[in-house]
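J.: need the 3D shape of this:
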Amino acid sequence: MADPARARRLAKRIANIVASAIDYEIKDPRLAFVTITDAKVTADLHDATVYYTVRGADLDSEPDLAAAAAGLEKAKGVLRTKVGAGTGVRFTPTLTFVTDTVPDTARHMEELLARAPAPPTTRSPRPARAPCPPATPIPTRNLVSETTPATNSLAMSDITSSGSTPAATAVDIRGAVELLAAAASVTVLCHVQPDADTLGSGLALGLALERRGVPVQVAFGSPNDVPGSMRELPGLHLVTAAADVRETVDLLVTVDCGTAGRLGRLAPRLHGAARTLVIDHHRSNTRFGTHNLIEPDAEATAAVLVDLFDVWGVEIDADLAHCLFAGLVTDTGSFRWGRARSHLLAERLLATGIDGARITRQLLDTHPFGWLPMLSAVLATATLVPDAAGGHGLVHATVLRADSAHLRSEEIESVIDIVRTTAEAEVAAVFKEVGAEVWTVSLRSKDEIDVSLVASRLGGGGHRNAAGYTAHGDRARIVAELRDALG
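T.: Numbering: from 1, shown residues only. Modelled structure (predicted):
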């Protein structure tokens, strides 16, 4: 039997994970008015009851309890997967959703008070905190200034507010610089299973802030350690264990994260930030920050950071260049699909004296011997489907946990770049087993197919030629789902 204190901690963590997923990731309109209120876990930690309430669309409408229950039931598998990833427990608890009737009386009183006329007062109301003023656009490369699309999520700075929720703000480079320059403390979060673009960008930004005397932490939700291929990146002293990331901060910045869910168990830290700045280059980014700097034409988030440093007046020395080059060389596949700007940017970074060949070799061309038998087992599963994707062809392969459990994430992620070389297929997919009937799927395309649209149909996202998503079910089912999505 587990320690009761541990069960309470796990229950609280489950409630936070489920609430965050519903607010920021699950795009089911039936869950738009659902609020997670509590969770309880059995003594053996195998079953969790998650309590929720449902409100009406406005003060005079009744909540649609049946629709909310159906939405939660449909999302149960995805939510349980997120709970497993976010808690790290050996056995992921089953989830049962139960309507919470305790708040009903309090809610009824609030509704009565809301309908009552306000009493006269001579005291001036406390003014609401003004949002960051819109920045003046500057001449720079393809900056995004679009409004945030409507979602079920709330602006991060107003999660605990009872007032109206303002829309998130799209900022340009100068607006992002103003936020960073004004911050008293900063947390920089990279996505789970970090690659060199997210970690390199995070460390470069962290070093720039540290040099200005700003308290800064850089972190990622999983795994527990920095991937072996990135242990030569400068600034690793800033990396903070996920459990030690401060819960409240003046400014939280995410780098290279397309959704809040990509933060894993650190997603709840968004709640404790006064403001959040999302810096990314994924076209499918969900704009989950209070402020969002998205440059979909940038080859890597590292390239966005170069633009930001130039406007901010940050000198890009060898340490910063090392971090930024790592992100650039990774996201362009050693410049195989980079445009002219990628090569110009690389020339600038290499001029600082960094060893580009060594950095590239460490990141992309170095694997332990155990990678070879794993690769042999995976390639034995390779299947060519010539008529898929409208006749453009699909090749797919499978990575089973039994074949990859002894390897680092970077070894597993490298498989897609071998499978994608198949001449007869426009689209390549690698299905990576991460749990019982739970898979992460990597997609690549050459020229004709936008795999970010395919991934979006299946709950993921990414770039035109490189994207991914999470799938649930047996292998035959998830392959069939991908073929249907490809058309």
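J.: got phi/psi on Cys190?
T.: With angles defined as degrees, to the nearest 10, Cys190 sits at phi -100, psi 170.
J.: ok, now the one 3 residues further on?
T.: The main-chain torsion angles of Gln193 are listed as degrees, to the nearest 10 and equal phi 50, psi 60.
J.: if I look at Thr259, how far off is Arg464?
T.: To Arg464, Thr259 is 18 Å away according to Cβ to Cβ, to the nearest Å. Quick note: C-beta positions are derived from backbone N, CA and C, even for glycine.
J.: same question for Ala66.
T.: Distance from Ala66 to Arg464, counting by Cβ to Cβ: 40 Å.
J.: those two: which has the busier surroundings?
T.: Set Ala66 next to Arg464 and count neighbours by other Cβ atoms under 10 Å: Arg464 wins out with 15 against 10.
J.: thinking the more buried one is in contact with Val454, fair?
T.: No. Contact between Arg464 and Val454 fails when scored by Cβ atoms under 8 Å: they sit 10.4 Å apart.
J.: can you check which residues contact both of these two?
T.: Taking Cβ atoms under 8 Å, 6 or more residues apart in numbering as the contact definition, Arg464 and Val454 share no neighbouring residue.
J.: is Ala273 in a bridge, and if so with what?
T.: In this entry, Ala273 is beta-bridged to Val249, by DSSP bridges.
J.: Leu252 is in contact with Pro268, isn't it?
T.: No. Leu252 sits out of contact with Pro268 when judged by Cβ under 8 Å, with a separation of 11.1 Å.
J.: next up, the contacts around His291.
T.: Neighbours of His291 in contact, by Cβ under 8 Å, 6+ apart: Cys132, Ala168, Thr169, Ala170, Val171, Gly175, Ala176, Leu179, Arg275, Thr276, Leu277, Val278.
J.: ok, Val41 next?
T.: Applying Cβ under 8 Å, 6+ apart, we find Val41 in contact with Ala7, Arg8, Leu10, Ala11, Ile14, Asp47, Ala48, Thr49, Pro93.
J.: and Ser284, by the same measure?
T.: Ser284 touches Gly258, Ser452, Ala455, Ser456, Gly460, Gly461, Gly462, Ala467, counting by Cβ under 8 Å, 6+ apart.
J.: what is the neighbour count of the closest residue to the first one other than its chain neighbours?
T.: Think Gly258. Leaving aside its chain neighbours, Gly258 sits nearest to His282 (4.2 Å; criterion: Cβ to Cβ, 6 or more residues apart in numbering). Look at His282: counted by other Cβ under 10 Å, it has 23 neighbours.
J.: with Val186 instead?
T.: Neighbours of Val186 (other Cβ under 10 Å): 24.
J.: then Asn16?
T.: 17.
J.: so how far is Ala85 from the closest residue to Glu299 other than its chain neighbours?
T.: Spatial nearest neighbour of Glu299, chain neighbours left out: Ser342 (4.9 Å); criterion: Cβ to Cβ, 6+ apart. Taking Cβ to Cβ as the measure, Ser342 falls 32 Å from Ala85.
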